[in-house]
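1. Test case, fold it:
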Amino acid sequence: MTDFAQRLLPLPPGTPLQLVEFYELAMEKNEVLRENGASDQATAREALLAGFREACAEWLDGLLTVKEAARICDCSEETIRRWIRDEKLRSRQTGVRGHHKIRLGDLLQLDGEQPDRYDPKADAQDGAAPGRLQ
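-> Numbers count the residues shown, from 1 in each chain. The predicted structure is shown next:
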């Protein structure tokens, strides 16, 4: 593998498995191109793959609202908020009202682990915890 190709790996954490597999297959095919003397084509493909990697990173850095995150995970908005409170999911608070924004890459990594689904009993106890409601 060329030095340039090694710098391309790996894709950012949280990249969906299908995209990782596509990327790795393209890198393998690129080595075949080089071995067969098609270094110009291999160099062009490496440039495209570098762009692909940057696009993946940019996509994963996209910010979602709690509502959007809940839709992606097929759970309630309160479940997302509970994961944030329990520090199972990182978020950024924005604006004066402190709305949570969740990085897509963090959500996709978490979705693979699937923390506890909504438990109304636990949610009621958490909501009644001192300092929860201000």
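2. Given the helix or strand encompassing I102, what are its sheet partners and their directions?
-> According to DSSP states H and E, I102 maps onto strand 99-103. If you go by DSSP bridges, strand 99-103 pairs up with strand 63-64 (antiparallel), strand 92-94 (antiparallel).
3. and the gap between the closest residue to G62 other than its chain neighbours and T94?
-> Take G62 and drop its neighbours on the chain: the residue closest to it by Cβ to Cβ, 6 or more residues apart in numbering is L104, 4.7 Å away. In short, each C-beta sits where N, CA and C put it, glycine included. According to Cβ to Cβ, to the nearest Å, L104 and T94 sit 15 Å apart.
4. Settle it for me: which of the two has more neighbours?
-> L104 (17 against 12; other Cβ atoms under 10 Å).
5. Assess the claim that the more buried one and L64 are in contact.
-> Yes - counting by Cβ atoms under 8 Å, L64 is a contact partner of L104 at 5.9 Å.
6. Start and end of stretch 77-96, how far apart?
-> End-to-end distance of stretch 77-96: 20 Å, with Cα to Cα, to the nearest Å as the criterion.
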